[in-house]
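> structure, please.
(chains A and B)
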Amino acid sequence: MYARSEVAYLPMLDIKLLRENPEPAKAALKKKHVEPVLIDSLLALDKERRYLVTQVEELSAKRNALSKKIPELSGKEKETTLADLAVLKEELSELEPKLKKMSDEIDSLMLQLPNPPHDSVPEGKDDTENKVEKTHGAPPKFDFEPRDHVALCEQNDWLNMEAAAAMSGSRFYYLKNDPVLWEFALVQYVLQKLIKKGFTPILPPTLVKEHAMFGTGFFPADRNEIYHVNPEDDDLYLVGTAEVPLCMMYANQIIPAEKLPLRFVGFSTCYRREAGSYGKDTQGILRVHQFDKLEMFSFCHPDKSWEEHEFLRSIEEEIMSELGFYYQVVNICGGDLGAPAAKKYDIEVWIPSQNQFRELTSCSNCTDFQARRANIRYKDADGKNQTLHTLNGTAMASTRTLLAIMENFQNADGSVTPPKCLEPWLIS
RNA sequence: GGAGGGAUGGCAGAGCGGUCGAAUGCGGCAGUCUUGAAAACUGUUGGGCCCGCAAGGGUCCCGAGGGUUCGAAUCCCUCUCCCUCCGCCA
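As a prediction, this is how the structure comes out:
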């Protein structure tokens, strides 16, 4: 079926759950710093809307019944019926715009509500309150003064930031020589691993329409992070992650329950404006406008999504440890979680020059948040359509992984020995 | 970029102002027949929302959004997508 409708902007929270059980929702959303009052006013609006709906539908029912009779009528009877219908039409023309306005208002409020976090998500206002769940490995020991990745790139002719900046602006780069080969090896190594685990490899589109950004929950919240291309004619957006096209691959579709989980790994270049990060991580390739990434994505049964979340995390850990990194797993606190995630783990890798861990991957359980917006459902055993759960996780983020390889596996002479697991995939 | 043709239920495909949520075929499900299966036959087979404890009732949906009309799948406008031909092109 090609004439797919665009995503209906479904609200992300099930308003029925909110109606029946507002208190737990309020408590959970408070963790994400949503004022409970907001929920109350939303519910008040919803109540009013339902009353209006009932009125409008009753009038419509009357109108339909009378209209149906028109062909059989004639003369005076027909005239009085037409007059009655005119009155009904008048009443409806007053109520309907009112109802539409109220529904739009509710939808827009619902669209702004984040996904309530899971109980295991720590309280906290920002990244300082994230919780380290585990640490793996040990920091590399150097019997020389380790260089940072910028110095290593300089010495080995791996990077040209100046020409890139002159051409495209700050935070762009030309990568040269060995790291280029490492990236392709990383891609092959990770793809192989994931395919063996049953993931389907995907090369997705990276320019998408606005509704795709709403469907995946990046809009309205993170609008300023996204590049908008030719607003006047093409009106497309460059994705910041393959999560967007992977998720939208099943927008408006119903997946038979027995096919779940559906697991994909998508490769894409990712574009991020990094607005608001001026002056942060300005050196080298840690924070850039463009990088390549392999992203895992699961469509999953609601009962299985927490298990699936741990599964994605375990894959990320497997990759990190095979690459030989010293890393920690961080449980992101409520205040630092994005709107779509109910829970998120970041895996942070030790960066010697900074003497700290930096984020290399993250994986999120978005529960039904994206599925509701993008209208992705599964058919359960009773033949009922139900909203499913979606999850995503970084399998390999190119620039940061390359940076970590450079800094962690550098030698005294400034050369770098790439991880063993890449050897089979390295072009020489 | 230019010129045409389309979009209807899981699929195929009719309908082109009221009797149409929608013929018919295929597929799916249930049953009859059969030792079992196939075939044949019979029945059944979309979704959202609102009211209701429920039974049930109502409303909306024929790509999307608006409009005309007492009444729209059918008429008008805008948008999206698909197909064919020409041009261009990795």
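> I'd assumed residue A:359 was in a strand, is it?
Yes. According to DSSP: H, G, I helix; E, B strand; the rest coil, residue A:359 belongs to a strand.
> ok, it - contacts?
Residues near residue A:359 by CB atoms under 8 Å, 6 or more residues apart in numbering: A:346, A:347, A:348, A:400. No exception for glycine: its C-beta is placed from N, CA and C like everyone else's.
> next, the third one: phi, psi?
Okay, so that is residue A:348. phi -110, psi 140 (degrees, to the nearest 10).
> pLDDT score for it?
If you check residue A:348, the pLDDT there is 98.
> name the nearest residue to it, ignoring sequence neighbours.
In this structure, residue A:348 finds its nearest non-sequential neighbour in residue A:357, 3.6 Å apart by CB to CB, 6 or more residues apart in numbering.
> what helix or strand is the closest residue to RNA strand B within the stretch 51-200 of chain A on?
Per CB to the nearest atom of the strand, residue A:61 is where the stretch 51-200 of chain A lies closest to RNA strand B, at 3.3 Å. Using DSSP states H and E, residue A:61 falls within helix A:36-69.
> over to residue A:107?
Using DSSP H and E, residue A:107 falls within helix A:75-112.
> same check on residue A:162?
Assigned by DSSP H and E, residue A:162 falls within helix A:161-168.
> what is that helix packed up against?
In terms of contacts (3 or more CB pairs under 8 Å, 6 or more residues apart in numbering; DSSP states H and E), helix A:161-168 is packed against strand A:174-175.
> so what are the sheet partners of the strand it packs on and their directions?
strand A:159-160 (antiparallel) (DSSP bridges).
> hmm, who's touching the strand it pairs with?
Counting by CB under 8 Å, 6+ apart, A:150, A:153, A:173, A:174, A:175, A:176, A:179, A:284, A:285 sit against strand A:159-160.
> which of those are close to RNA strand B?
With CB under 7 Å from any atom of the strand as the criterion, the contacts of strand A:159-160 include none near RNA strand B.
> from the residues you listed, list the buried ones, please.
Burial by neighbour count, judged by 16 or more other CB atoms under 10 Å, picks out A:150, A:153, A:173, A:175, A:179, A:284, A:285 from those.
> so what's the second one up against?
Residues touching residue A:153, when contacts are defined by CB under 8 Å, 6+ apart, comprise A:159, A:179, A:284, A:406.
> picking that back up, got a pLDDT number for the residue of the stretch 51-200 of chain A closest to RNA strand B?
pLDDT, read off for residue A:61, is 93.
> cool, and residue A:1?
pLDDT at residue A:1 comes out at 22.
> buried residues, the helix holding residue A:162. List them.
Neighbour counts over helix A:161-168 (16+ other CB under 10 Å) mark A:161, A:164 as buried.
> could you tell me the end-to-end distance of stretch A:336-351?
The first and final residues of stretch A:336-351 sit 22 Å from each other (CA to CA, to the nearest Å).
> show me where the stretch 251-400 of chain A has its strands.
A:254-256, A:262-271, A:290-300, A:327-331, A:343-351, A:356-365, A:377-379, A:385-387, A:389-397 (DSSP state E, counting those that start in this stretch).
> among these, which is the most enclosed?
strand A:389-397 (a mean of 27; mean count of other CB atoms under 10 Å).
> for the stretch 201-350 of chain A, what spans make up the helices?
Per DSSP state H, counting those that start in this stretch, the stretch 201-350 of chain A carries helices over the ranges A:210-215, A:243-248, A:305-323.
> of these, which approaches residue A:256 most closely?
Using CB to CB as the measure, helix A:305-323 is the one of the helices of the stretch 201-350 of chain A that comes nearest residue A:256, at 17.6 Å.
> packing partners for the closest one?
Using 3+ CB pairs under 8 Å, 6+ apart: helix A:305-323 touches strand A:131-136, helix A:178-196, strand A:290-300, strand A:327-331, strand A:343-351, strand A:356-365, strand A:389-397, helix A:398-408.
> averaged pLDDT, that helix. What do you get?
According to the model, helix A:305-323 has a mean pLDDT of 98.
> got the angle between that helix and strand A:327-331?
160 degrees (axes from the mean of the first three to the mean of the last three CA atoms, to 10 degrees).
> ok now helix A:305-323, how far from the chain's centre?
18 Å (CA atoms, centre = their mean, to the nearest Å).
> picking up where we left off before, among the contacts of strand A:159-160, which one lies nearest to residue A:199?
Checking the contacts of strand A:159-160 against residue A:199 by CB to CB gives residue A:179 as the nearest, at 25.2 Å.
> once you drop chain neighbours, what's closest to that closest one?
Per CB to CB, 6+ apart, closest to residue A:179 is residue A:402, 4.7 Å.
> tally of neighbours for that neighbour?
When neighbours are counted by other CB atoms under 10 Å, residue A:402 registers 26.
> hmm, it is touching residue A:183, no?
Yes. Using CB atoms under 8 Å, residue A:402 is in contact with residue A:183, at 6.4 Å.
> joint contacts of these two?
residue A:175.
> and the helix holding residue A:61, which residues are buried?
A:39, A:42, A:43, A:46, A:49, A:52, A:56, A:59, A:63.
> near RNA strand B, which residues of chain A show up?
Counting by CB under 7 Å from any atom of the strand, chain A comes close to RNA strand B at A:1-6, A:15-16, A:50, A:53-54, A:57-58, A:60-61, A:63-68, A:70-71, A:82, A:85-86, A:89, A:100, A:383, A:385.
> quick one, domains of chain A?
As assigned by automatic domain parsing, chain A contains the domains A:15-31+A:35-112, A:127-425.
> let me know which of these is the nearest to residue A:118.
domain A:127-425 (4.3 Å).
> closest point of the stretch 201-350 of chain A to RNA strand B, which residue?
Taking CB to the nearest atom of the strand, the stretch 201-350 of chain A has residue A:209 as its residue nearest RNA strand B, at 7.2 Å.
> grab the nearest non-local neighbour of that residue.
Nearest to residue A:209 is residue A:236, by CB to CB, 6+ apart, at 6.4 Å.
> surely the one you found meets residue A:207?
Yes. Counting by CB under 8 Å, residue A:236 touches residue A:207, with 4.3 Å between them.
> more crowded one of those two?
Taking neighbours as other CB under 10 Å, residue A:236 and residue A:207 compare with residue A:236 leading, 18 against 15.
> for the more buried one, what are its contacts?
Taking CB under 8 Å, 6+ apart, one finds A:207, A:208, A:209, A:228, A:229, A:230 in contact with residue A:236.
> now do the nearest residue to residue A:45 once chain neighbours are set aside, the pLDDT please.
Spatial nearest neighbour of residue A:45, chain neighbours left out: residue A:106 (5.4 Å); criterion: CB to CB, 6+ apart. Here the pLDDT value assigned to residue A:106 is 91.
> good, wrapping up.
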